[in-house]
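Student: Fold the following and give me the result.
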Amino acid sequence: MENKSSGFSSHLTLDPFFIPPRGKYPIFFLGIVIYLSGMSCNLILLTLIILKKNLHKPMYFILFSLPLNDLIGITAMLPKVLSDIVTETHKVYYPLCVLQGFLLHMYGGGILFILAAMSFDRYIAICMPLRYSSFMTLRTVILIISLVWGLDFVLILSLFSLQTRLPRCRSVIRNVFCDNPSLLKLTCGDTTVNNIIGLFNTAVMQAVSVSIQAYSYIKILITCMGASKSEERKKAINTCVAQLLILFIFEITGTFTILSHRFKNVSTDLQKIMGMLIFLVPPLLNPIVYGLYTSEIRNTLLRILKNRVSL
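Tutor: Presented below is the predicted three-dimensional model:
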């Protein structure tokens, strides 16, 4: 039986997957491929936005936050999981566990706020094109990006500040990575305030993101239906489709994660895998979706590849 103590242990034990001995290294190498693929796709998108002057526009400055956020999510989770598969230690230093949980929650909230900012930018560009350049100045873009990251940081910091104030009486994380619910289950005492703040923060994130995106896309749809030039309509719709697909990917993986914990007949290993999907699938697919549906990014990358081949 574990003793109740505020300084209980500096290390926590993670609950590993059941992996047959023959499957350990194939799964490890598959994880490496997924990680390198996600890193490469997002770094390519970041590099294009930084180096190519034709992408130095408000839309792409805001978009810059998306691959950056994806890199945070996949890096905070996957390397530790892969390391534990090979070493079979399944131990984590408590402050690093808190840091991992903090970054993973920042990633989740970040996607919602970034997509809201991107939809607002498209709303101004499509519905008020004559005012776009005067409204979406560098100062406005910096303010929007600061609000995205600042609000996300404050909400997640409040969540983890409340969690770390409670004494711990357990040391086993019932997951393969650290998150706020798992850390909260290690604590002793009343967690009512933590649960209320957690629900409040989630509600704020979803309400802000969904309301801004719903308003923006409804207005964009109305404007596009009345657009006289089919080429302009197609370009606007393609950009919005990319953003909606990214939102769809995130929400679907999140929904599967939640549902996997609601059904008793779902194995714990499957629950853990479903929990990982939200940190794996969006970072892999987001840059590909945006590259396919955004002509400027796609054409810029194709020109670079064509120049490399012709050398």
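
Student: quick one: Arg170 is in a helix?
Tutor: No. Checked against DSSP: H, G, I helix; E, B strand; the rest coil, Arg170 lies outside a helix; its state is coil.

Student: okay, it: pLDDT?
Tutor: For Arg170, the model assigns a pLDDT of 84.

Student: how many neighbours does it have?
Tutor: By the criterion of other C-beta atoms under 10 Å, Arg170 has 16 neighbours. For glycine as for every other residue, the C-beta is placed from the backbone atoms N, C-alpha and C.

Student: same thing with Tyr290?
Tutor: When neighbours are counted by other C-beta under 10 Å, Tyr290 comes out with 23.

Student: and if you look at Lys185?
Tutor: There are 13 residues near Lys185, going by other C-beta under 10 Å.

Student: and what of Glu88?
Tutor: 10.

Student: Of all the helices and strands in the protein, which has the lowest average confidence?
Tutor: helix 230-260 (a mean of 74; mean pLDDT, DSSP states H and E).

Student: list the buried ones in the helix or strand just after that helix?
Tutor: Note on helix 230-260: by DSSP states H and E, the next helix or strand toward the C-terminus is helix 268-293. Within helix 268-293, the residues scored as buried using 16 or more other C-beta atoms under 10 Å are 271-272, 274-287, 289-291, 293.

Student: can you map out the strands along the protein?
Tutor: 11-14, 91-93, 172-173 (DSSP state E).

Student: May I see those arranged in CSV, with mean neighbour count as well?
Tutor: CSV is the format used below for these (neighbours: other C-beta atoms under 10 Å):
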stretch, mean neighbour count
strand 11-14, 18
strand 91-93, 14
strand 172-173, 18
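
Student: Please produce CSV containing those strands, extended by distance to Leu78.
Tutor: Below are those laid out as CSV (distance: least, C-beta to C-beta, whole Å):
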stretch, distance to Leu78
strand 11-14, 14
strand 91-93, 14
strand 172-173, 16
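
Student: looking at those strands, which is closest to Arg139?
Tutor: Closest to Arg139 of the strands of the chain is strand 91-93 (C-beta to C-beta; 41.5 Å).

Student: who touches the closest one?
Tutor: Applying C-beta atoms under 8 Å, 6 or more residues apart in numbering, the external contacts of strand 91-93 come out as Ser10, His11, Leu12, Thr13, Leu14, Lys80, Gln100, Ile173, Cys178.

Student: could you redo the last one with a cut-off of 7 Å?
Tutor: Outside strand 91-93, the residues that touch it by C-beta atoms under 7 Å, 6 or more residues apart in numbering are Ser10, His11, Leu12, Thr13, Leu14, Cys178.

Student: go on, stretch 42-54?
Tutor: 55, 60, 63-64, 67-68, 70-71, 283, 287, 290, 296-297, 300-301.

Student: All the helices of the chain, residue numbers only.
Tutor: 24-51, 58-63, 65-87, 94-127, 129-135, 138-164, 180-184, 192-225, 230-260, 268-293, 295-310 (DSSP state H).

Student: So for Phe18, which of those helices sits nearest?
Tutor: helix 268-293 (5.8 Å).

Student: Hmm, Ile74 is touching Pro283, no?
Tutor: Yes. Applying C-beta atoms under 7 Å as the test, Ile74 and Pro283 come out as touching, 4.3 Å apart.

Student: For the two, list the residues in contact with both.
Tutor: Gly38.

Student: For stretch 21-38, list the C-alpha coordinates in PDB.
Tutor: Extracted as PDB, the C-alpha positions of stretch 21-38 are listed here (Å, rounded to 0.1, in the frame of the first residue of the first chain):
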ATOM      1  CA  PRO A  21       8.700  -9.900 -27.700                       C
ATOM      2  CA  ARG A  22       8.700 -10.300 -31.500                       C
ATOM      3  CA  GLY A  23       6.600  -7.200 -31.900                       C
ATOM      4  CA  LYS A  24       8.700  -4.800 -29.900                       C
ATOM      5  CA  TYR A  25      11.200  -3.700 -32.600                       C
ATOM      6  CA  PRO A  26       8.700  -3.700 -35.500                       C
ATOM      7  CA  ILE A  27       6.500  -1.400 -33.500                       C
ATOM      8  CA  PHE A  28       9.500   0.800 -32.500                       C
ATOM      9  CA  PHE A  29      10.600   1.200 -36.100                       C
ATOM     10  CA  LEU A  30       7.000   1.900 -37.200                       C
ATOM     11  CA  GLY A  31       6.900   4.600 -34.600                       C
ATOM     12  CA  ILE A  32      10.200   6.100 -35.800                       C
ATOM     13  CA  VAL A  33       8.800   6.200 -39.300                       C
ATOM     14  CA  ILE A  34       5.700   8.000 -38.100                       C
ATOM     15  CA  TYR A  35       7.700  10.500 -36.000                       C
ATOM     16  CA  LEU A  36      10.200  11.300 -38.800                       C
ATOM     17  CA  SER A  37       7.300  11.600 -41.300                       C
ATOM     18  CA  GLY A  38       5.400  14.000 -39.100                       C
END
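
Student: Many thanks, I have nothing further to ask.
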